[in-house]
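J.: Fold the following.
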Amino acid sequence: MASRPSRHGGGTTGSRSAARRRRLPLRHLLPLLALAALMAMLMLRGYVNSEILADHRVRPPAATDRVPEEILRGGPVIDTRSGRTTTLRVPDHRLVLTFDDGPDPVWTPKVLDVLRQHDAHAVFFVTGTMASRHPDLVARMVREGHEVGLHTFNHPDLSYQSKQRIDWELSQNQLAISGAAGIRTSLFRPPYSSFSAAMDNESWPVTEYIGRRGYITVVNDADSEDWRRPGTAEIIRRATPADGKGAIVLMHDSGGDRSQTVAALDRFLPDMKARGYEFDNLTEALDAPSAHTPVTGLDLWKGQAWVLLVQASAGITDGLVIGLAVIGTLVIARFVLMLLLSALHARRVRRPGFRWGPPVTEPVSVLVPAYNEAKCIENTVRSLTASEHPIEVIVVDDGSSDGTARIVEAMGLPGVRVVRQLNAGKPAALNRGLANARHDIVVMMDGDTVFEPSTVRELVQPFGDPRVGAVAGNAKVGNRDSLIGAWQHIEYVMGFNLDRRMYDVLRCMPTIPGAVGAFRRSALERVGGMSDDTLAEDTDITMALHRDGWRVVYAENARAWTEAPESVQQLWSQRYRWSYGTMQAMWKHRRALLDRGPSGRFGRVGLPLVSLFMVLAPLLAPLIDVFLLYGLIFGPTGKTIGAWLGVLAIQLFCAAYAFRLDRERMTHLITLPLQQLLYRQLMYVVLLQSWITALTGGRLRWQKLRRTGVVGAPVGAEPSPRAARNEERRPVG
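T.: Next comes the predicted model:
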């Protein structure tokens, strides 16, 4: 049956109504803000991991004719500040150890430990990406007397970059250091640099520009080449200057396995100290003022805020990865359970001679609650009069304003009664119909649904088992000729009916579909009839029956054809109500978790499964698509596409199996990939909005879905579609 509109009366002025329409509801605003924050965190994560704006080009050597001779023949410390061009060398018997590309969470602490053990200082040229991710290590460097220098943010070859990009690399690198250690530094080392003699016409203009920005460029005059991992002895040999000369030694504390570097340091430091060398940071070796300047005020706050955001993005990303692992496990577990248990269910009910018990032949009452179903009600009632099982039909008109009751009365069909009431909602209409029913078995259906001639007979046979209190039928989409209808058709066959087979075997089916369900009258009376406590009265009554000790089973051959929403807006309204109503029902029956007997069994089996597969898994499932988008943009693209296609293949296999069980044509599965890209996203947002509505204490009102009457009386295995006027059929979207 269609959802109910609000029964609240009263009006407001036009201006106040317009203001309410313009105001974005909190349940809409929060998902948008959450999505924007998530995308911002992922972009930040990509930026600080050099997945965004990274440039790995390295320029080959160029001519040197425009480089001053004093630079080519000078020392490794190059000062071009204030327009001057000078170079400096480290005095004899002094060594300045420099470490590039860190800080690394594994190797930098080991390097710092060795330096502290041997009472040595050094200079660490850190990248902004690593400093942002590991600020505690930068703070430790400064705290233990080492100097810190800039090594750009993303480690690009600056000779390829514009001045704006160079400024950005320097300022972001400085921001990360300020946030980590509360200082600014005047030392800079360009990526991919070596000796001053290697300066050329491409790198020299960059050095001049950086000098004008207030930085001293530091290259080296002893390269350990530890990045090649040539062995401890070779690293020591390359780092040792000749004839007692001083030197700036290039090493690395990041970028790969640095175990040889650590081992070499542990030997190099005491050996060189025994030969009269001192290990100072750069300004100590040059007897110059410190390169560090304390940062205070706004600059400090900006740096700390930056580090905090980076840490938050890392934490969120780590959480998303864990969530992705959880959802992957849940999805695979659900698929495995569905395949195994649905196969077991089909084998059990299809084996020769299977019977629920003695055949059920006594008449049943069919309740059709209807609110403004003028376009559908005639098809619904005529399909019932063709039933192969003896029935009485009770159409409960719930205050319709479109002549629904008059249409049924004008049909003059035997065994069909109309009961009128003021608009009170679907649960009240069903209870009114139950009070007027003459028989002990009651079938409930929606006013936009049509039954096959055998539906009622198949639906009531499980009542041959006296333990059965309710039976779920096989609801199918009748208007599957549109794209959105085909997507819902896949969802009904795979997501609903395959699930019902699984829940039947586990004896914890959560929902009797409102479109086709049957109940033992005594079972309904024992639980107090249909309740209006939730917006999902079908889920509510099903859980109540489980808690009362009744079995709820699935009848696969009791097919009903229902009119699914034909626009995104209508689909949104329906699924939003379903999701929110399911959460309400779960909360209402939460005490089943602690109960004993049948209620406790449902609480400890049924409620966790519903929570995992109907609430948690769909809520986390967007992570698959988030990481798909992230992987397509930032890589690795091939592996990302392969993983997504793997998930799609699993879903396609399960869908094909479900279609085979339901004896459906496979042609609609062609739309499955598009469904995963578009339709599934809508379901994510609907569920998230339902969560927010519940958490913020919002209330969702009944809404009437607009029907077209496109699903006609069944002919053979499928209903015959009725032509609807063009103005009544809205396009998808």
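
J.: Model confidence score at residue 56, please.
T.: Looking at residue 56, its pLDDT reads 81.

J.: again with residue 78
T.: Note on residue 78: pLDDT of 96.

J.: got a list of what residue 607 touches?
T.: 586, 589-590, 592-593 (CB atoms under 8 Å, 6 or more residues apart in numbering). Where you see a C-beta, it was placed from the backbone N, CA and C, and this is true even at glycine.

J.: what's the longest strand in this protein?
T.: strand 551-562 (DSSP state E).

J.: Tally up the residues packed near the residue lying closest to residue 391 once chain neighbours are set aside, please.
T.: Once flanking residues are discounted, residue 391 sits nearest to residue 366: 5.1 Å by CB to CB, 6 or more residues apart in numbering. Using other CB atoms under 10 Å, residue 366 has 30 neighbouring residues.

J.: who does residue 366 bridge with?
T.: Following DSSP bridges, residue 366 is listed with bridge partners residue 393, residue 443.

J.: That one and residue 445 touch, don't they?
T.: Yes. Checked against CB atoms under 8 Å, the pair residue 366 and residue 445 is within contact range at 6.6 Å.

J.: doesn't residue 105 fall inside a strand?
T.: No. Applying DSSP: H, G, I helix; E, B strand; the rest coil, one finds residue 105 to be coil, outside a strand.

J.: Would you confirm that it contacts residue 137?
T.: Yes. Residue 105 is within contact range of residue 137, at 7.3 Å (criterion: CB under 8 Å).

J.: Between the two, which has more neighbouring residues?
T.: Using other CB under 10 Å as the criterion, residue 105 and residue 137 rank with residue 137 on top: 23 against 13.

J.: That one: what's it in contact with?
T.: 102-103, 105, 108-109, 112.

J.: Give me the below-cutoff pLDDT ranges for the protein.
T.: 1-28, 30-31, 51-53, 619, 621, 634-635, 691, 694-733 (pLDDT under 70).

J.: and the longest helix for it?
T.: Ranked by residue count under DSSP state H, the longest helix found in the chain is helix 297-350.

J.: same for that helix, what does it pack against?
T.: In terms of contacts (3 or more CB pairs under 8 Å, 6 or more residues apart in numbering; DSSP states H and E), helix 297-350 is packed against helix 26-48, helix 128-133, helix 163-181, helix 498-506, strand 551-562, helix 617-620, helix 622-634, helix 637-661.

J.: hmm, who's touching stretch 304-317?
T.: Stretch 304-317 is touched from outside by 38, 41-42, 44-45, 48, 132-133, 135, 175-176, 179-180, with contacts defined as CB under 8 Å, 6+ apart.

J.: Return the set of buried residues in it.
T.: Within stretch 304-317, the residues that qualify as buried are 304, 306-307, 309-311, 313-314, 316-317, counting by 16 or more other CB atoms under 10 Å.

J.: now stretch 566-576, how far from the centre of its chain.
T.: 21 Å (CA atoms, centre = their mean, to the nearest Å).

J.: How about it, which residues are buried there?
T.: 566-568, 570-576.

J.: one step back: how near is the residue nearest to residue 391 to residue 518?
T.: Distance from residue 366 to residue 518, counting by CB to CB, to the nearest Å: 9 Å.

J.: hey, what's in contact with both of the two?
T.: In terms of CB under 8 Å, 6+ apart, residue 366 and residue 518 are both contacted by the residues 442-444.

J.: Just send those residues back as a markdown table, with neighbour count and distance to residue 580 too.
T.: Formatted as a markdown table, the shared contacts of residue 366 and residue 518 follow (neighbours: other CB atoms under 10 Å; distance: CB to CB, whole Å):
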| residue | neighbour count | distance to residue 580 |
| --- | --- | --- |
| 442 | 23 | 26 |
| 443 | 29 | 27 |
| 444 | 29 | 21 |
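
J.: Could you single out the nearest of the residues you listed to residue 647?
T.: Nearest to residue 647 among the shared contacts of residue 366 and residue 518, counting by CB to CB, is residue 444 at 36.9 Å.

J.: Spit out the contact partners of that closest one.
T.: Taking CB under 8 Å, 6+ apart, we find residue 444 in contact with 366-367, 369, 430, 514, 517-519.

J.: Could you list every helix and strand in contact with the helix or strand residue 283 falls within?
T.: Element membership for residue 283, per DSSP states H and E: helix 282-285. Applying 3+ CB pairs under 8 Å, 6+ apart, one finds that helix 282-285 makes contact with strand 94-100.

J.: Which residues does the strand it packs on contact?
T.: 90, 108, 111, 115, 120, 122-125, 149, 151, 189, 218, 220, 241, 246-255, 265, 272, 277-282, 285.

J.: now do stretch 458-474
T.: Applying CB under 8 Å, 6+ apart, the external contacts of stretch 458-474 come out as 355-360, 364, 389, 441, 443, 455, 497, 500, 509, 511-513, 515-520, 523, 541-542, 545, 548, 550-560, 662.

J.: Any chance of a PyMOL selection covering the buried ones in the residues you listed?
T.: Per 16+ other CB under 10 Å, the buried members of these correspond to this PyMOL selection:
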select buried, resi 356+360+364+389+441+443+455+497+500+509+511+512+513+515+516+517+518+519+520+523+541+542+545+548+550+551+552+553+554+555+556+558+559+560+662
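
J.: Quick one: end-to-end distance for stretch 474-488.
T.: End-to-end distance for stretch 474-488: 14 Å, by CA to CA, to the nearest Å.

J.: And stretch 287-295, by the same measure?
T.: Using CA to CA, the two ends of stretch 287-295 sit 23 Å apart.

J.: contacting residues around residue 399?
T.: Residues in contact with residue 399 (CB under 8 Å, 6+ apart) are 371, 421-424.

J.: Fine by me, thanks again.
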